[in-house]
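J.: coords please:
(chains A, B, C and D)
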Protein chains: 2
Amino acid sequence: MGINNYKNEDKLIVAVDCIIFGFDKEKLKVLLIQRAFEPEKGKWSLMGGFLKKNETLNEAAQRVLKNLTGLSDIYMEQLEAYSEVDRDPAERTISIAFSALINIEEHDKELQQQYSAQWFSIDSVPHLILDHDLMLERAMRRLRYKTTTQPVGFELLPEKFTMLQLQRLYEAILGKKLDKRNFVSKINSLKIVKRLEEKDRTSSKKGSFLYQFDEARYRKNLVSGFDLRF
Amino acid sequence: MGINNYKNEDKLIVAVDCIIFGFDKEKLKVLLIQRAFEPEKGKWSLMGGFLKKNETLNEAAQRVLKNLTGLSDIYMEQLEAYSEVDRDPAERTISIAFSALINIEEHDKELQQQYSAQWFSIDSVPHLILDHDLMLERAMRRLRYKTTTQPVGFELLPEKFTMLQLQRLYEAILGKKLDKRNFVSKINSLKIVKRLEEKDRTSSKKGSFLYQFDEARYRKNLVSGFDLRF
DNA sequence: CCAAAAGTGTTTCAGTTACACCCATGC
DNA sequence: GCATGGGTGTAACTGAAACACTTTTGG
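T.: The predicted model follows:
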C-alpha cells in the first residue's frame, strides 16, 4: 500500500486462466477451448473467466473449471500473474494463471462438448491466444517441479492404478524413459502407496496389482521428504 | 476469459506488496514500514502500492521499491496473489506479492529515513497488518528454495565477499549451521565464484580471500545444475 | 610465542544408477 | 509349451556428511 488512500486508485479487470492437465494412459494432455468471442475468436485458448468483486481468485478459478467440466473439488494451484499492459488488445486486464489436475478417465463424459473443449497432447499443442503459450510453458515447468516434490501426481490417475501407469505418468511429465526396477523401488521406499489385493487384468494375462495413494502413510513418513526426481 | 465480453466485468484495485530481504553480516532481515494511512495506520507493514492502468505488476513493484529505497535495478521476483474478499477492510483489493533482494551494506544510507522504514531480523519480526504475515512466511519459504536452486543469494551480499560471509548467508536463510569444509567444497564444485587476489583484513590478522560471483562461469557450468541444499 | 581466524582432505555412508532373469497365466 | 507382460535384486558408482589439524600473522 502506498501513501495514498484508496479513492483515486485505478481499477482493472482481473481474469483467471486455467491450465487444465489430464493424463490419458500414456500422454500428458491439456484441455483447451475455442474462444467464443473477440478478440481472436475461434482460436485455441486456455479456459478463463473474470474475477468478480465478491469472490477470491481461487473461487473464480474453481467456478471457471466447474463451468467447463462440471467438476468441483479439483486439485488446483495458483501460478503467476500476467500483467503486460497490452497483453489483451481489447482491454487492460491482468490474469492470474491456475493449474488444475484432473483424471481424464473418471471424468471423460461431461466435459467434451461444451465450449468445443478438446484435449491436446502436451507435445502437439496448437498456438494459443494472447500470452497463453507462455502460461502453458510455465505451468509445465511448475508441474514437473510439483509432482516430483509433492504427491500431487495421483490427481491425474484413477483412484486405483498400476505401477506401470504411475511410471508412465512420471515419464510423460518428465519427458524421459525411466527404469522399471528403479522406479518401483523408489516408489516403495517413499511409502506413499499401498498395494491392493485386486489386480488389473485388462492388459495382461497375469494381471498387475493395483495401488492406491495412501495419504495417512504419506503424512507419517513426511520426515523423509518427497523426492521423485530421476 | 469467459464467454462474456468485457464491458460488464467487475473492476478492482490491484496492489503490489514487497517483501524486501537484506542480509547484514550475520542476520537475514526484512524491511518494514509504519503504515501511513488507515486502516491500521501506524502498524508495521510491508511496503506496497497500487497498480496503475499503464504499468505492469513488475513495474509497479519496482516503482514502489524505488520510492522507498531510492534503488532501481533490484533483483525482484513475483510471488503469489492474495485475494481474500475481506483481506483489506477498507476496500476490495487483491495484492500480488513480490520479493526483492538487496544488499544492505552497499545501500544503507538512503533508505532508513523515509516512511519510517526499518530493518527487522527475520526471527523477530513484529505482527504485520492485513495478510502480510502470511506473505512474509511464504516469501521466506520461496527464498529458501530459490537461493538453493539458483544463484540469487549473491544479490544479498556485497560485490566482493568472503567464503565465511557466504556461508553465514546460507546459514541465515536455511536456519541451520553448516560445516565449513563441506560448504567450501560444495561452493567450489559449483564453479560459480572466482577467488580474487584481494583479501579482507577487517576480521583477522591473516585476512581472508574475497570472492565474486562469476556469471559467465555459472552459465558455462549450468549443465551440472545448481543445488545448494544441505 | 601465542591468540585468532583462515584454509584445507579423507573416510564413511547413503542413495542413485545400471543392468537381466524368472514368474504366472491364457491361449 | 510358449508368448506376453509382471515382478524382483545386486553390484558399482557418485555425492553427502562427518570429522580436526595446520597455517598465517599481528601483537
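J.: The helix or strand that contains residue A:58 and chain B, any residue contact?
T.: Using DSSP states H and E, residue A:58 sits within helix A:57-69. Yes. Interface with chain B: helix A:57-69 contributes A:57-58, A:64, A:67 (Cβ under 8 Å from any Cβ of the partner chain). Placement of C-beta: from N, CA and C, glycine included.
J.: And for that helix, what's in contact with it?
T.: A:14, A:16, A:18, A:20, A:31, A:33, A:47-52, A:55, A:71-72, A:74, A:76, A:78, A:96, A:98, A:100, A:102, A:107, A:110-111, A:114-115, A:117, B:2, B:81, B:83, B:94 (Cβ atoms under 8 Å, 6 or more residues apart in numbering or on different chains).
J.: buried set for it?
T.: By neighbour count with 16 or more other Cβ atoms under 10 Å in any protein chain shown, helix A:57-69 contains the buried residues A:57-58, A:60-65, A:68-69.
J.: thinking again about what came up before, out of the residues of helix A:57-69 next to chain B, the closest to residue A:125 would be?
T.: Residue A:125 lies nearest to residue A:64 out of the residues of helix A:57-69 next to chain B, by Cβ to Cβ, at 19.2 Å.
J.: Can you give me the neighbour number for the nearest residue to that closest one once chain neighbours are set aside?
T.: Nearest in space to residue A:64, with sequence neighbours left out and distances taken as Cβ to Cβ, 6 or more residues apart in numbering or on different chains, is residue A:49 at 4.0 Å. Using other Cβ atoms under 10 Å in any protein chain shown, residue A:49 has 22 other residues around it.
J.: so what pLDDT did the residue in chain A positioned nearest to DNA strand D get?
T.: At 3.0 Å from DNA strand D, residue A:181 is the closest residue in chain A, using Cβ to the nearest atom of the strand. You'll see residue A:181 listed with a pLDDT of 97.
J.: name the element it belongs to?
T.: helix A:180-190.
J.: Distance from that helix to the middle of the chain?
T.: 24 Å (Cα atoms, centre = their mean, to the nearest Å).
J.: returning to what we had before: for the residue nearest to residue A:64, name its beta-bridge partners.
T.: residue A:16 (DSSP bridges).
J.: do you know how far it is from residue A:73?
T.: 18 Å (Cβ to Cβ, to the nearest Å).
J.: same deal with residue A:190?
T.: Residue A:190 is 25 Å from residue A:73, by Cβ to Cβ.
J.: next one: residue A:211
T.: Taking Cβ to Cβ, one finds residue A:211 at 22 Å from residue A:73.
J.: Neighbour count: those two, which is higher?
T.: Set side by side, residue A:211 and residue A:73 show more neighbours around residue A:211, with 23 against 7, by other Cβ under 10 Å.
J.: Pull out the buried positions in the host helix or strand of that one.
T.: Using DSSP H and E, residue A:211 maps to strand A:208-213. Neighbour-count burial for strand A:208-213, counted by 16+ other Cβ under 10 Å, picks out A:208, A:210-213.
J.: and which of those residues is nearest to DNA strand C?
T.: residue A:208 (10.8 Å).
J.: The residue lying closest to that closest one once chain neighbours are set aside: how many residues sit nearby?
T.: Using Cβ to Cβ, 6+ apart and skipping residues adjacent in sequence, the residue nearest residue A:208 is residue A:162, 4.5 Å away. The local packing of residue A:162 (other Cβ under 10 Å) involves 20 other residues.
J.: what's the answer for the one 3 residues further on, then?
T.: Neighbouring residues of residue A:165 were enumerated by other Cβ under 10 Å; the total is 21.
J.: next one: residue A:197
T.: Residue A:197 has 6 nearby residues by other Cβ under 10 Å.
J.: repeat for residue A:36
T.: 15.
J.: After the lowest-mean-pLDDT helix or strand in chain A, heading C-terminal, what element do we hit next?
T.: Scoring the helices and strands of chain A by mean pLDDT, DSSP states H and E places helix A:108-111 at the bottom, with a mean of 66. Toward the C-terminal end, the helix or strand that comes next after helix A:108-111 (DSSP H and E) is strand A:118-121.
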